[in-house]
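Visitor: Any chance you could fold what I've pasted below:
(chains A and B)
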Amino acid sequence: MSGTHKVSMTVNGKTVTGNVEGRTLLVQFLREHLQLTGTHVGCDTSQCGCCTVHLNGNGVKSCAVLALACEDANVVTIEGLANGDKLHPMQEAFREHHGLQCGYCTPGMIMSAVDMVNRNGFELDEKTVRKHLEGNICRCTGYHNIVLAVQAGAAAMKNS
Amino acid sequence: MSLTPKNHHIGQSVRRKEDLRLITGKGRFSDDVNLPGQAYAAMLRSPHAHARIRSIDSRKALAIPGVIAVLTGTDLRADGIKHIPYNVFTLHPAEVQLENTDGTPPFVTPCYSMAIEKARYVGEVVAMVIAQTVDMAKDGAEQIEVDYEVLPAVTATRAAAEPDAPRLWDNAASNVCVDAEVGAKEATAAAFARAAHIARIETWIQRVTGVPMEPRAAVGEYDPATQRYTLHAGSGGSVRLKKDLALILDVAEEKVRVLMDDVGGNFGTRGMIYPEFALTPWAARRIGRPVKWTCERHEAFVSDFQGRDLAVTAELALDADGNFLAMRGSNIGNSGGHTGSFTPLQKGVEIMSSIYRMPCAHFRARSVVSNTVPTRPYRSSGRPEVMFVMERLIDIAARDFGFDRVALRHRNLLKSTELPYTNPFGMLYDSGDYHDAMDKSLTLGDWAGFAARKAEAKQRGKCRGIGMANYVDTATGAPRERAEVTVHPDGRVDVVLGTISNGQGHETSFAQLVTEWLGVPFDSVRLITGDTDIVQVGGGTHSGRSMRMGSVVIWNSAKEIIAKGTRIAARLLENDPSVIQFDNGRFKVQGATPSISLFEVAAAAQRLKDLPDDLRGPLAAFSDESFNEASFPYGCHVCEVEIDPALGTLEIVKYSAVDDVGRAVNPMIIHGQVHGGIAQGVGQALWEQCYYDPASGQPLTGSFIDYAMPRADNFPFFDAEFTEVPCTTHPLGMRPAGEGGTTPALGVVINAVVDALSEFGVKHIEMPATPERIWRAIHDSKNIV
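Guide: Residues are numbered from 1 along each chain as shown, chains lettered A, B, ... in the order given. Reported below is the predicted structural model:
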């Protein structure tokens, strides 16, 4: 397990490099090497979705990707979603529709929701949203307001 | 959302202050804390449910590169670290106290932060490895050699209560720690003797776990210069954590500081101190560096406190007309490997009769230890269990004796004119309109139209069922709370409060109160919690206490600030205080135009040298109060399910909730908590359980793959409404709203499931009502064609 390897990738628009072990996960690289602590770890079996980020435009659970496998990749985390001070429409929708309580699952939820829109378009019915959120667990909200937020965020993305 | 706020006052669905940081990844949770030079801890946990520890050999672990230290229970005791100070009962004066019938004191186990001589559940900490990195610490833990003598284990609640069960504690006569009786035994027996009908249930409200999404984490520090410990760890309250930590570390309270920022959920299971919260600061002192520990999810399943686990046998006596005459039975709670809290047992048994007219009752209440993870209060501690029992008994009585379920409830539900009402266990229900909540809920759930929907479902080969459940929810908790409110001349208002938010939006709701009462801009209010060097007094978030108590101490402080401000304004406006009025953040002379703001008054208080002593300096006030009365939130939920009898699969097609909150501060936040509470209750009713292998005591639910967490596609949108009948034991009329979602959910869901299965002759189904269990219930029933 000893020995580190150099890795470089683009994270939130910036080129970053680091020395990581073969076993270092992308989420560990983000949190521990880059101090991007907005990406959370809620489990150890890739079930909860708290660590969801975008890897080359696709939503992935960053606990299920090795950092070394992301050489030259383009990674976007919750910290990179807003355009400067202007929130992403999905972030705005989560606030407006009270789609969060403790906020721990929220970064993963929002990243997953944006990915859902990218895959399914802006018109998301309730069933599609609920199905797609199967890989993101929330314990606070009963999902009610998260589903409303995702639908509203998707509609807002269309107009943005 | 249609709940558009008009302003930032009480009653408005103000969007939350805390959200901006949480939606941009800038929240600060426990694992986000890193200190220079920190080392990392990994816990070696017992792989056996019950085992004597013959010896621990750490030599191979210490040889692993990067491993700094290996600490065991022996080191802990040698260092004089004390046991965990558990407060096993709620001593709130409104609560019924449990005393052993034989007059002996309850058996309270001596629990240390690491196993001493014996491990009593899989997951108990046996050793702690400190290393340069987490991975090195884990590698070290794998190399520790522990010589265990494996002992017979018992995990099931009723089995643990048996006299011949494997015994956890050598110095106790049995595993039964509490054996009390409540109510009137003879009167109850007499009532049963004259009953026309007796409904019976024997059930087990199964073991579940809280699963806050943020795993626990702790960073411990020790400063040898000041001999002071600092702990960074999310919890349900900072002050209690500090006090407990000082007792464990055996130092004065001022030698301990607890810090926390964002806390990722609690639901009760994060409410009390954890072993690792004492181990990390202790280890920091031992090695001279900060020590960080982060719980992994698989570890949480064997070390986070678990909840529920109550075995109940109960009977309800009715006369020929359906009037309730009495109820009796026996409740056995399961404390797990150590006796951490008897509160769920206590808070349940005292309200077995719910909000129904019940002339008398008698229950035996026991608590046992078993080779399972220790339990603690879990969302609405003890009440969902007993509401489940009562609401099941009513449905069983209705079905067995030919009563209509709604009419039977209407007949026995207390009328508002009967309140205040003392229930047969001695609990005093203050106020409410229970019939109104029930009627509204039945309307919301379209009970009247159900028959048509059932018939339609039948045509599709599906079985529909509908259920209802009334509930009451005793809110007590640590009685003392304190607020300190300071108005700064630069336009800020600081509120120091002794509770802490674990996701409930305190920064927003409490700011609404200050905006309402002091007329200051919403954004000017800053809530300060989570640092025990600033927050001296407070009980934390549990038992619906944060808003219930926080509102009063903030209200008192606001009134004093206005009183002080009035006198200062009188001086500035050159008039008598009696003619000064305060309105919307400004003072003025009645009938006159010139006015000055609260902030200008605060500036004057600091500027003017000739003010009386009590007005000079910062414009501030504090209130420190103890609340000795309970509050009783109540409501009624209706649930409708559709079952595919071929597969046993179930869909919740409609869930309607009416909860009384007395007076709503932020409807959006209240609805959010109700939604989440419902999901947790439904989760228990249909999917969740901590399974233990009965032979070995091994936990079988160790990850999200095995433990069935509710997911987004398990639910419909909820229809949630609230009523506002002012609570007479609260000066502002407020009733807690955080637990009501969960309290009736177990009963209402199972009532709906049994209703759906009634055509097969199914009379009861145990929780969790999984598809397998439903399928078996259908196939085991005699009426199957």
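Visitor: List the contacts of residue B:337.
Guide: Each residue near residue B:337 by Cβ atoms under 8 Å, 6 or more residues apart in numbering or on different chains is listed here: B:120-121, B:124, B:168, B:369-374. Yep, even glycine has a C-beta here, placed from its N, CA and C like the rest.
Visitor: and if you look at residue B:371?
Guide: By Cβ under 8 Å, 6+ apart, the residues touching residue B:371 are B:49-50, B:120-122, B:153-155, B:166, B:168, B:337, B:697.
Visitor: and residue B:364, how many neighbours does it have?
Guide: Residues lying near residue B:364 (other Cβ atoms under 10 Å in any protein chain shown) number 18.
Visitor: got it, and the one 5 residues further on?
Guide: Residue neighbour count, defined by other Cβ under 10 Å, stands at 27 for residue B:369.
Visitor: That one contacts residue B:333, correct?
Guide: No: Residue B:369 is beyond contact range of residue B:333, at 10.4 Å (criterion: Cβ atoms under 8 Å).
Visitor: For chain A, what is the nearest residue in the stretch 251-400 of chain B?
Guide: residue B:264 (3.2 Å; Cβ to the nearest Cβ).
Visitor: Which strand or helix spans residue B:201?
Guide: strand B:197-209 (DSSP states H and E).
Visitor: which strands and helices sit next to the helix or strand just after that strand?
Guide: Downstream of strand B:197-209, the first helix or strand assigned by DSSP H and E is strand B:217-223. For strand B:217-223, the packing partners by 3 or more Cβ pairs under 8 Å, 6 or more residues apart in numbering or on different chains; DSSP states H and E come out as strand B:228-232, helix B:275-287, strand B:291-294.
Visitor: Within the sheet, what are the partner strands of the last one, with directions?
Guide: By that I understand strand B:291-294. Take DSSP bridges as the rule and strand B:291-294 pairs in its sheet with strand B:39-45 (parallel), strand B:217-223 (antiparallel).
Visitor: again, but for the first one
Guide: In the sheet containing strand B:228-232, its partner strands are strand B:217-223 (antiparallel), strand B:256-259 (parallel), by DSSP bridges.
Visitor: Now do the helix or strand following it, average pLDDT.
Guide: Next helix or strand after strand B:228-232 toward the C-terminus (DSSP H and E): helix B:238-249. What helix B:238-249 shows for mean pLDDT is 97.
Visitor: okay, now the domains of the chain?
Guide: Using chain A. A:5-78, A:89-158 (automatic domain parsing).
Visitor: let's do chain B instead
Guide: Taken from automatic domain parsing, chain B resolves into B:34-151+B:218-264+B:270-296, B:391-474+B:631-780, B:480-626.
Visitor: need those domains in JSON lines with mean neighbour count, can you?
Guide: Formatted as JSON lines, the domains of chain B follow (neighbours: other Cβ atoms under 10 Å in any protein chain shown):
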{"stretch": "domain B:34-151+B:218-264+B:270-296", "mean neighbour count": "20"}
{"stretch": "domain B:391-474+B:631-780", "mean neighbour count": "21"}
{"stretch": "domain B:480-626", "mean neighbour count": "20"}
